[in-house]
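> quick one, what's the 3D model for this:
(2 chains)
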Number of protein chains: 2
Amino acid sequence: MNYEVRPIGSVESPLVDPKTAPKQGFEGAPEAWLVFNPEVAQGIRDLAIGAEVLVLTWLHQGRRDLLAVHPRDDPRNPETGVFSTRSQDRPNPIGLHRVQIAAIDGLRVLVRNLEAIDGTPIVDVKPVLDGER
Amino acid sequence: MNYEVRPIGSVESPLVDPKTAPKQGFEGAPEAWLVFNPEVAQGIRDLAIGAEVLVLTWLHQGRRDLLAVHPRDDPRNPETGVFSTRSQDRPNPIGLHRVQIAAIDGLRVLVRNLEAIDGTPIVDVKPVLDGER
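As a prediction, this is how the structure comes out:
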């Protein structure tokens, strides 16, 4: 049984080229805006500046038919099963990004260190829990 | 534009009742088996005993129409936007679980501290990165 993911917004970022974008946010990514759809306004009402959150995205440029890749797109790295990598190429290309909220302007939320490229669909946002730090 | 999530396996757990299951794995959840579909065997080939991984599930019993909930299903907690909670009720009910691999038997992977109930579809597995610890 399959399920339908319905994006709740999208990323607005200066990063446009996946080839040159950082692989992980903590490696130094720019600020980016999470732009939410008006329908989910109630869901984001308790987001707060300074909070650390997990942003889940749909990596729409990922290849869903690959089960093994060279990590970090580097052919020198031995081919590895995708579930032991953070490659965007995977059966369900869901991206997971830990970011900090820098500003909020209505349906637009500015976050630090997001490596997702411009236009990436957002599918969920979750708080980081104390037990996960 | 919507996307289709195709489960890669499912959870086999002694937990069957969401009402009595722990809310978070680190609060004390049992061991559970991740049972992968044969089609993704190549993808799991590099999972290793002892590794910490993030398991993403589809919380198929979640309500997708709720945008605010009482956290931890406790009516004494003030109603909160779902994106500031880990409720299973959210527009895209994707569960995120940090677990440790205890054993591997072919397509079956035993993990510690998984609070997902029996039969929950698995949609992705990712390594925990050093920068996220």
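> so the lengthiest strand in chain A, near chain B or not?
Ordering each strand of chain A by length in residues (DSSP state E) puts strand A:94-105 first. Yes - for strand A:94-105, a contact with chain B is found by Cβ under 8 Å from any Cβ of the partner chain, at A:94, A:96, A:98. Every residue, glycine included, has its C-beta placed from N, CA and C.
> now do the SS call for the residue with the largest distance to the centre of chain A.
Note on chain A: the largest separation between a C-alpha and the mean C-alpha position, by Cα atoms, centre = their mean, falls on residue A:76 (25.8 Å). In three-state terms, and counting by DSSP: H, G, I helix; E, B strand; the rest coil, residue A:76 is coil.
> report pLDDT for it.
pLDDT, the model's per-residue confidence, is 94 for residue A:76.
> in chain A, which spans are helices?
Listed in chain order, the helices of chain A (DSSP state H) span residues A:41-44.
> so where's chain A uncertain?
Confidence mapping of chain A against pLDDT under 70 gives the ranges A:131-133.
> mind listing what the longest strand of chain A pairs with, with the direction of each?
strand A:52-58 (antiparallel), strand A:108-112 (antiparallel) (DSSP bridges).
> want to try TSV for those strands, with distance to residue A:67 and mean neighbour count as columns?
As requested, the strands paired with strand A:94-105 are arranged in TSV below (distance: least, Cβ to Cβ, whole Å; neighbours: other Cβ atoms under 10 Å in any protein chain shown):
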stretch	distance to residue A:67	mean neighbour count
strand A:52-58	19	21
strand A:108-112	31	20
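> out of these, nearest to residue A:4?
Using Cβ to Cβ as the criterion, the shortest distance between residue A:4 and the strands paired with strand A:94-105 is 11.5 Å, found for strand A:52-58.
> with adjacent residues omitted, what lies nearest to residue A:49?
Distances taken as Cβ to Cβ, 6 or more residues apart in numbering or on different chains place residue A:101 nearest to residue A:49, at 5.4 Å, with adjacent residues excluded.
> residue A:114 too?
Using Cβ to Cβ, 6+ apart, the nearest residue to residue A:114 is residue A:32, at 4.2 Å.
> show the contacting residues for the one you found.
The neighbours of residue A:32, taking Cβ atoms under 8 Å, 6 or more residues apart in numbering or on different chains as the test, are A:11-15, A:110-111, A:114, A:116.
> from those residues, which is closest to chain B?
Sorting these by how near they are to chain B, with Cβ to the nearest Cβ, puts residue A:111 at the top with 12.6 Å.
> got the contact list for the residue farthest from the centre of chain A?
Residues near residue A:76 by Cβ under 8 Å, 6+ apart: residue A:70.
> with the one 10 residues further on instead?
Under the criterion of Cβ under 8 Å, 6+ apart, the neighbours of residue A:86 are A:23-24, A:96, B:126-127, B:129.
> let's go with 6 Å and repeat that
Applying Cβ atoms under 6 Å, 6 or more residues apart in numbering or on different chains to residue A:86 gives the contacts residue B:126.
> need phi/psi at it.
Comment: the main-chain dihedrals of residue A:86 come out as phi -110, psi 20, following degrees, to the nearest 10.
> quick one on the thing from earlier: which outside residues touch the longest strand of chain A?
Contact with strand A:94-105 is made by A:25, A:49, A:51-52, A:54-57, A:59, A:110-114, B:56, B:124, as judged by Cβ under 6 Å, 6+ apart.
> rewinding a little: and the residue farthest from the centre of chain A, how far is that from residue A:66?
Distance from residue A:76 to residue A:66, counting by Cβ to Cβ, to the nearest Å: 18 Å.
> restricted to buried residues, select the contacts of residue A:32 in ChimeraX.
A single ChimeraX command selects the buried members of these (16 or more other Cβ atoms under 10 Å in any protein chain shown):
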select /A:11,13,15,110,111,114,116
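> turn the contacts of residue A:32 into a markdown table, columns for distance to residue B:39.
As requested, those are arranged in a markdown table below (distance: Cβ to Cβ, whole Å):
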| residue | distance to residue B:39 |
| --- | --- |
| A:11 | 30 |
| A:12 | 36 |
| A:13 | 33 |
| A:14 | 38 |
| A:15 | 32 |
| A:110 | 40 |
| A:111 | 35 |
| A:114 | 32 |
| A:116 | 27 |
